[in-house]
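Undergrad: With the sequence up front, the predicted model follows.
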Amino acid sequence: MKLFIIALIVLGVCVEDTFGKNSFGIVNKFRRHTKLSVRCWSGNDKFGTIFLMNGQEKHWRFDDAFFHETVFHCELKHGYHFMHFQSFVAYTSKWNGSLKNRSNATWLAAEKGLYKIWEHRSPEFMYHWL
């Protein structure tokens, strides 16, 4: 088993909720009782669909792929029959232009849409709900 995990690390394959220098997270920041559907994936990994209630959050840690760009996409949904949605790139190794890991981001889902936080800055509005 240890050899298998070491091989995954060398190849840069993501291993959910374990280790790695990169991360992204999703936080449900709706003010009223709102269930948020979260589905995230990359070329190597599919995390499945999870549901976050108000104030709940989910974070993933991973290492970038060795031979190609690492990109994680997410689709968030909320509302009656989850009719409001947004699909977006939650992480890409292209964002990491230095050794400071600027690519590590937290995404806040709120009434207006999605906000991105990185490097402990103020939330930046990114996307409206569709």
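TA: Received it, and whenever you're ready, just let me know what you need.

Undergrad: Report the contact partners of the nearest residue to Tyr115 once chain neighbours are set aside.
TA: In space, and not counting its chain neighbours, Tyr115 is closest to Pro123: 3.8 Å by C-beta to C-beta, 6 or more residues apart in numbering. Just so you know, the C-beta spots here come from the backbone N, C-alpha and C atoms, and that holds for glycine as well. The contact partners of Pro123, by C-beta atoms under 8 Å, 6 or more residues apart in numbering, come to Leu108, Tyr115, Lys116, Ile117.

Undergrad: For the second one, list each beta-bridge partner.
TA: Here Tyr115 sits in beta bridges with Leu108, Phe125, going by DSSP bridges.

Undergrad: So the residue nearest to Tyr115 versus Phe82, what's the distance?
TA: Distance, Pro123 to Phe82, using C-beta to C-beta, to the nearest Å: 23 Å.

Undergrad: In this structure, mark out all the helices, start to finish.
TA: For the chain, helices defined by DSSP state H occupy the ranges 2-11.

Undergrad: remind me which residues of it are low pLDDT?
TA: Along the chain, segments meeting pLDDT under 70 span 1-19, 95-103.
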